[in-house]
Each structure stands twice: as structure tokens, then as C-alpha cells.
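Q: Below are the sequence and a predicted model for it; my questions follow.
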Amino acid sequence: MADAAERPAHRLPRKMSARAITRVTLATPAHPSLRPDACPREPALTLPRPPSMFAPHMSLLPKLVERLQRHPKRIVFPEGADPRILQAARQWVTRRMGAPILLGERARIKEAAAQLDVNLAGIRLLDPARSEELEGFVKRYAALRCDKGLKPGEARAALRDNNCFAALMLAAGQVDALVGGATVAASSALRPLFQVIPRLEHVRTVSSLMILDWDEEKFGLDGSLFLADCGVIPDPTAEQLADIAVATAMIAHHLTNALPRVALLSYASKSDVAHPAVVKVRRATELARAKAAGAALPMEIDGELQVDAALDPHVAETKKVAGAVAGQANVLIFPDLASANIGFKLVQVLAGANTFGQIITGLSRPAAEISRGASAHDVFGAAAVVGCQAIDQRLLYGTP
């Protein structure tokens, strides 16, 4: 075992600026290009330390990186000149996770990369205005939106937006996943996705989730919690909450191969409270169970539960809340957008959890809408999540 003084630091800071990114060792002797000295001039991202015989826990992000090294994917980034995107894309190539495609003016992207000393080798640059795909995309977008009265000229104008062009690349299968929103409002990043990407077969509601990930195993699936809906539907109905619960659990299962234990949260646990907010959660629980059973989806669902009873087995026992979810939830479904958004940001700021998202749920193609305040590490993590979503689950785990 190497002397402790010789080991590089692997501690993951809660926040990282676009420039202040430290290096990580994820390599083995079989992958010399992943050694920290393989790209000495490139900024790198800090990931949790790989497990050893003395540290069996491994947080989610390194697992996703390893899977993408075995099954590389193409990720499109609409805001190609953004420093955080450039740094995340460089790491995607360095770690042999696939091919990043950066949209934007090539000269502007190259200038930004030069200022950051980011090597663009292995990164595809695509200017939508000069792309040979533009005319085909104009026709496709006009056809998709003709019922809304969109004319071909308006379709061409819409495709000047890189988010729209990226969404059409995703719909056409030219890329495997999309990560947008780094420089625009959430509505601008989400609208093209909702317009051109079909919904999943079992889901009628499109929503979003955040992943909270700790370096140590605290809660959830080896330290990972899946929270929804943190970014799309302000006040979901019981039917929408049921859709959100099932869609979020499906992604949790795909990424971890573990049984999702879904808690629909409220301010009461298994109570006789008749307030409409509580009744909505109870009804959503019934609908979600029926939906999951009808589609033969593997998951445990319970509600209404308070968050402490959902996460802490001792609290659940004290409050006499029993079941397959109580005290061991790994998927948390909030009753509305306000509580979900406030909740995940509180944990992010106060507990120092790593956060990856927003991951869009309910669509048939993987996509993420990241915050304008996201770091390069956040961008990389969100890309890893949607990249792994694009991998066939049978290839990941050998399961039907």
C-alpha cells in the first residue's frame, strides 16, 4: 500500500468553479490514458475515490463513469462555448466515455477553449447554422408543429436556437442524450424537448428529478436519493404525482438495478387528516401502485409519509409506520414543486450533497436541464446520468 503522503487528494468539494477543478484518479494499469498525468494541461473533475478493500462503499457517479467506459455514448451540449461545458466535455473524452458534441459557432468555441487551455481533440464541434442537417430538421420540425399552425419560415427561425436543434438531433437518434440549460432559463431549454420528444409508453406526465449523492453511505441507495418533481410541474394533481412516482422509480432502477422504494411525502404519516393536500397524496399512492402493478414494474410504493419516517427506520418505528418503504426510502416524491425545489437545495447547501439534474422524466429519450448556477462537476454528473440512461439495461446488468 502506498504511503499516505504519496496519495493524491480525492475529497470532493461541494462547489467547484469553472476554473478551479482538480484532478482525479479513476485509472487502472489497463487504462493508462486515465491516469492523472495523462493530460497534464487539461482541467479535470474531482470524483469520489474508488473503493478499496477497506472502503466498500462507492457512490453513484464513479459507477456511472465505469459503465460509460464500457458502453460509450454521444452527448449533445447546446451551449458549446460555455466554460463548464468545455471542461465537462474534455473529461468525457479523457475518460473514454464517448463522444461529446458541442453546438455553436466553431470560432467562438475554439476561442473559449484556448482561453481555458482545453484540448478539443475528440470533441465534435457543430454549427447548426452551417449544418447539412438543417434543411431536414426544418421540415421535420414544421411537420411536428403543423397542428400548432407553425409555418416553414417560423420553423427555420426556431432552429436558430441551439436547444431546438439539439432536441431534433436527439429525436432523430443522431445523439444518445442531451444536456442543456447552462445559459438559458429552464423554460427555454425544456420547451423544444417537450415539443419533439415522445413520452414513455406508461407515462403521461413529463417531470424532472434530482439525484442527491453522498460520498458516504447515509441514506437511500448506497448514499443516493432520487427526488421529484423539482423543476417542472408547480402543483401536480394526484394523477400527475402517480406518473412522477413511477417515472422516477424507473430511472432509479435503471441506474442502480436496486429495488426502488418510493415514498410519497406529506406533512403527516398514515393519518386520518382530511386536508385536500394529504388526500391528494393518498390518492396518488393508490394510483402509482396500480400503474406499477399493471406494467409489472419492480418497485415498492407507500404514502402518505413524512420525510423523517420515510428515511429513518427508528423514526418510522417510533411513529408506528411499517412497510417496505418506511425508514428505507430511496425515491422521494414531493407533493408540489415548491417543497421539492426548496428541499433539495436545502440539502445541497447545508449537507454538502452532490446534486445531479434536473433529469427529465417521462420522455422516451434521455435529457437533462441543468441550472445556470451549475458547476462543471454538476454538468459532468448530469451527462453521466443521461448517458447511462441511454444504455440498454440488459447490457448494464444482464437482466431481461
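A: On my side now, so go ahead.

Q: Outline the domain layout of this structure.
A: 57-198+380-391, 207-362 (automatic domain parsing).

Q: closest to Ile370 out of those domains?
A: domain 57-198+380-391 (4.7 Å; Cβ to Cβ). In this view, the C-beta of every residue, glycine as well, is placed from N, C-alpha and C.

Q: Now do the closest one, average pLDDT.
A: Here domain 57-198+380-391 scores 91 as its mean pLDDT.

Q: closest one to Ala368 among the domains of the chain?
A: For the domains of the chain, proximity to Ala368 was assessed by Cβ to Cβ; domain 57-198+380-391 is nearest, at 4.1 Å.

Q: Let me see the contact set for Ala167.
A: By Cβ atoms under 8 Å, 6 or more residues apart in numbering, Ala167 lies in contact with Leu178, Pro192, Leu193, Gln195, Val196, Ile197, Ala367.

Q: Please enumerate the strands of the protein.
A: 73-77, 98-103, 124-126, 177-180, 207-213, 224-228, 261-265, 300-305, 331-333, 354-361, 367-369 (DSSP state E).

Q: mind checking which of those is nearest Leu86?
A: Leu86 lies closest, by Cβ to Cβ, to one member of those: strand 98-103, at 7.4 Å.

Q: what lines up beside that closest one in the sheet?
A: Within its sheet, and counting by DSSP bridges, strand 98-103 is paired with strand 73-77 (parallel), strand 124-126 (parallel).

Q: Would you mark the buried spots in the last one?
A: For strand 124-126, the neighbour count (16 or more other Cβ atoms under 10 Å) marks Arg124, Leu125, Leu126 as buried.

Q: likewise stretch 330-345?
A: For stretch 330-345, the neighbour count (16+ other Cβ under 10 Å) marks Asn330, Val331, Leu332, Ile333, Phe334, Pro335, Leu337, Ala340, Asn341, Gly343, Phe344 as buried.

Q: you'd agree the second one is up against Ala247?
A: Spelled out, it's Val331. No: contact between Val331 and Ala247 fails when scored by Cβ atoms under 8 Å: they sit 10.3 Å apart.

Q: residues bridging contact with the two, i.e. touching both?
A: Common neighbours of Val331 and Ala247 (criterion: Cβ under 8 Å, 6+ apart): Ala228.

Q: Most neighbours among the contacts of Ala167, which one?
A: The most crowded member of the contacts of Ala167, judged by other Cβ atoms under 10 Å, is Leu178 (30 neighbours).

Q: Show me where the stretch 201-350 of the chain dips below the pLDDT cut-off.
A: For the stretch 201-350 of the chain, the stretches with pLDDT under 70 are 202, 216.

Q: Where do the helices of the protein begin and end?
A: In the chain, the segments counted as helices under DSSP state H are 60-70, 83-94, 106-116, 134-144, 152-158, 162-171, 186-196, 238-256, 276-294, 307-311, 313-318, 337-351, 376-389, 393-397.

Q: Helix 83-94 and the third one, what's the angle between them?
A: Right, the one you point to is helix 106-116. Angle, helix 106-116 to helix 83-94, by axes from the mean of the first three to the mean of the last three Cα atoms, to 10 degrees: 80 degrees.

Q: Gly223: which of the buried residues of strand 124-126 is nearest?
A: Lowest distance from Gly223 to the buried residues of strand 124-126 (Cβ to Cβ) belongs to Arg124, with 34.1 Å.

Q: What residues are bridge-paired with the closest one?
A: With DSSP bridges applied, Arg124 shows beta-bridge pairing to Ile101.

Q: residues in contact with it?
A: Residues near Arg124 by Cβ under 8 Å, 6+ apart: Ala99, Pro100, Ile101, Leu102.

Q: how about the strands paired with strand 98-103, which one is nearest Arg204?
A: Counting by Cβ to Cβ, Arg204 lies closest to strand 73-77 out of the strands paired with strand 98-103; the figure is 26.3 Å.

Q: Give me the residues contacting the closest one.
A: Contacts for strand 73-77 (Cβ under 8 Å, 6+ apart): 85, 88-89, 92, 97-103, 166, 169-170, 174-180, 182, 383, 386-387, 390-391.

Q: how far is it from where the chain is centred?
A: Put simply, strand 73-77 sits 13 Å off its chain's centre (Cα atoms, centre = their mean, to the nearest Å).

Q: what's the angle between it and helix 162-171?
A: With the same axes, to 10 degrees applied, the angle from strand 73-77 to helix 162-171 works out at 160 degrees.

Q: Any buried residues in stretch 305-317, and which?
A: Leu305, Gln306, Val307, Ala309, Ala310, Leu311, Asp312, Val315, Ala316.

Q: I meant stretch 266-278, not that one.
A: Buried residues in stretch 266-278, defined by neighbour count with 16+ other Cβ under 10 Å: Ser266, Ala268, Ser269, Lys270, Val278.

Q: how far away is Ile211 from Gly220?
A: Distance, Ile211 to Gly220, using Cβ to Cβ, to the nearest Å: 9 Å.

Q: circling back to that earlier point, whichever of the contacts of Arg124 end up buried, select them in ChimeraX.
A: ChimeraX command restricting the contacts of Arg124 to the buried ones, with burial defined by 16+ other Cβ under 10 Å:
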select :99,100,101,102
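
Q: Out of the contacts of Arg124, which is nearest to Ala296?
A: Using Cβ to Cβ, those come closest to Ala296 at Ala99, 35.0 Å.

Q: I'd assumed Pro72 was in contact with the closest one.
A: Yes: here Ala99 reaches Pro72: they are 7.1 Å apart, a contact under Cβ under 8 Å.

Q: For the buried residues of stretch 330-345, name the two members farthest from one another.
A: Asn330 and Leu337 (21.0 Å).

Q: ok, the nearest residue to Gln328 once chain neighbours are set aside - contacts?
A: Counting by Cβ to Cβ, 6 or more residues apart in numbering, Gln328 lies nearest to Arg261, which is 5.6 Å off, once chain neighbours are set aside. Neighbouring residues of Arg261 by Cβ under 8 Å, 6+ apart: Met299, Glu300, Asp302, Ala324, Val325, Gln328, Ala329, Asn330, Val331.

Q: now do Leu332
A: Here Leu332 is in contact with Leu225, Phe226, Leu227, Ala228, Ala263, Leu265, Val307, Ala310, Gly343 (criterion: Cβ under 8 Å, 6+ apart).
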